[in-house]
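Asks: sequence first, predicted coordinates after that:
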Amino acid sequence: ELPELLRAIEDRQPDFSKYAMQLLALTFVRTGELIGAKWEEIDWNRAEWHIPKERMKMKRPHIVPLAKQTIAILKDLQKLTGDKEHIFHSPASKSKHISNGTVLMALRRMGYQGRMTGHGFRTLASTILNEKGYAPDVIERQLAHEDSDKIRSAYNRAEYLLERKKMISEYADILDGMREQKNNVRALEKKNGKT
């Protein structure tokens, strides 16, 4: 069903819901982290998004590598809200950004109620990348998860940034391939070089 969902998102008229779903798919961040994103957090030169600890669930700063596809979407958004503090600026909101329900409502209107949520993009990414053999530590760090082993967590502060940059770019290409294919199996096989 993922290729169909990706095509449905792509076919939407450009609005905050479309951009938010695309960015959730490409970055694996939580919905709350995305909607609260500020332009000052984007490092264009390094192609990174630096989320401060105050906005993270685990209260630890998080660096999100940005694929070329993600940069292109941010450039489109910059034309709309580049002069505002928040990337997803909403003049109707006291918090000055779109609500947490924006993505969920868009998915519902698209016919995905009970089948997909904003958080579901994180699940998809983790599943696909684990199936493709990426290192679990790299995937978990991209998801900003804490190690359940408290001792290991206290000592392992690795960011795996180079590995994550490579992984995030390859994943963006996988999603592009899936959107262009009729089924996700063929897209994954194509990416793996199988026929």
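Replies: Noted; the coordinates are in hand.

Asks: roughly how far apart are residue 53 and residue 144?
Replies: Distance of residue 53 to residue 144, given as Cβ to Cβ, to the nearest Å: 11 Å. All C-beta spots, glycine's among them, are computed from the backbone N, C-alpha and C.

Asks: now the common contact residues for those two.
Replies: Residues touching both residue 53 and residue 144 by Cβ atoms under 8 Å, 6 or more residues apart in numbering: 60, 62.

Asks: so these two - more neighbours on which side?
Replies: Neighbour comparison, residue 53 and residue 144: the larger count goes to residue 144, with 20 against 10 (by other Cβ atoms under 10 Å).

Asks: so the more buried one lies in a strand, does it not?
Replies: No. Assigned with DSSP: H, G, I helix; E, B strand; the rest coil, residue 144 falls outside any strand and is coil.

Asks: what's residue 143 in contact with, if anything?
Replies: 28, 122, 125-126.

Asks: can you check residue 101 too?
Replies: Taking Cβ under 8 Å, 6+ apart as the definition, residue 101 has no contacts.

Asks: before we move on, what about residue 102?
Replies: Taking Cβ under 8 Å, 6+ apart, we find residue 102 in contact with 16-17, 20, 35, 88.

Asks: same question, residue 124
Replies: Taking Cβ under 8 Å, 6+ apart, one finds 2, 25 in contact with residue 124.

Asks: which SS state does it fall under?
Replies: At residue 124, secondary structure determined by three-state DSSP is helix.

Asks: ok so, going back, just flag the most distant two among the contacts of residue 102.
Replies: Within the contacts of residue 102, 17 and 35 form the most distant pair, 10.9 Å apart (Cβ to Cβ).

Asks: what's the closest non-adjacent residue to the residue sitting nearest the centre point of the chain?
Replies: The residue lying closest to the centre of the chain (Cα atoms, centre = their mean) is residue 27, at 2.4 Å. Spatial nearest neighbour of residue 27, excluding adjacent residues (Cβ to Cβ, 6 or more residues apart in numbering): residue 64 at 5.2 Å.

Asks: what does the one you found show for phi and psi?
Replies: When read as degrees, to the nearest 10, the backbone of residue 64 gives phi -110, psi 110.

Asks: so it makes contact with residue 47?
Replies: No. Using Cβ atoms under 8 Å as the test, residue 64 is too far from residue 47 to be in contact (9.8 Å).

Asks: which helix is the longest one in this structure?
Replies: Criterion DSSP state H: the longest helix present in the chain is helix 161-180.

Asks: fine by me, thanks again.
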